[in-house]
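Trainee: turn this into a model:
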Amino acid sequence: MSSKKNGLYLETTSIDPSKTVGEIHALLMRAGAGKIMTEQSGGKIIAMQFTMQTPRGEVPFCLPVQSEPIFTLLQKRHSPNLREKNKIHDRLQAERIAWRLVFRWLQAQIAFIETGMVTTVEVFLPYVAMSSGVTFYKQIEAAGFKSLPLLEEKR
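Mentor: Model prediction:
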C-alpha cells in the first residue's frame, strides 16, 4: 500500500517498465502462454498479446496497459502552476505504476487459475482478441452492451 493518504496502489514503485514487461513475459510462460508478443506505439509498449490453451483450443488475448489515467491522477495532485514542471516525471511514474499494476493483477489471476477457482477464459474473457482487432470487452462496449442478456429490457 502507498504511504500517502489516498495514494495509489504501487504508487512509489521505481521498477522500470521494461523490467516489469520481462517479469510479465516470464509469468505468462510459467502459466503456459504461447505466442507472447508486445505491441508498441510511440516507442513504448502499450499491450501484451499472448495465447492460452483452453479445452476449446488456443485462444488469443490482448492485455492493454493504460498509463494515461494514472498520469491524469498524478497531475491533478499538483497545483496548476506545477503541473508542467512535473509532467515528464509524472508520465514516467504513471508508466511504472501501470505496468506494476498489470503484473500484480496477472499474478493474482494466474493464482486463481492454478488453484482451479476459475478457468483461463473466465478470467481473461474481456481481453480475448477478436478478429476485428479489438478485445471482446471493447467490442461489446462499442455495441452498448446490448448483446448481454442481463441488460436486455424486460418485455
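
Trainee: check contacts around Leu101.
Mentor: With contacts defined as Cβ atoms under 8 Å, 6 or more residues apart in numbering, the neighbours of Leu101 are Tyr9, Leu10. Bear in mind the C-beta positions are built from the backbone N, C-alpha and C, glycine included.

Trainee: if we use 10 Å, what do you get?
Mentor: By Cβ atoms under 10 Å, 6 or more residues apart in numbering, the contact list for Leu101 reads Leu8, Tyr9, Leu10, Thr13, Thr20, Val65, Gln66, Ser67, Ile70.

Trainee: what about Ala26, distance to Ser131?
Mentor: The spacing between Ala26 and Ser131, counted by Cβ to Cβ, to the nearest Å, is 29 Å.

Trainee: please name every helix or strand in contact with the helix or strand that contains Glu23.
Mentor: Element membership of Glu23, judged by DSSP states H and E, is helix 17-30. Helix 17-30 is packed against strand 34-41, strand 44-54, strand 57-64, helix 80-114, with contacts defined by 3 or more Cβ pairs under 10 Å, 6 or more residues apart in numbering; DSSP states H and E.

Trainee: tabulate the ones you listed (JSON lines), appending mean pLDDT and distance to Phe136.
Mentor: JSON lines is the format used below for the helices and strands packed on helix 17-30 (pLDDT from 0 to 100; distance: least, Cβ to Cβ, whole Å):
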{"stretch": "strand 34-41", "mean pLDDT": "94", "distance to Phe136": "17"}
{"stretch": "strand 44-54", "mean pLDDT": "94", "distance to Phe136": "14"}
{"stretch": "strand 57-64", "mean pLDDT": "95", "distance to Phe136": "9"}
{"stretch": "helix 80-114", "mean pLDDT": "96", "distance to Phe136": "16"}
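
Trainee: fine by me, thanks again.
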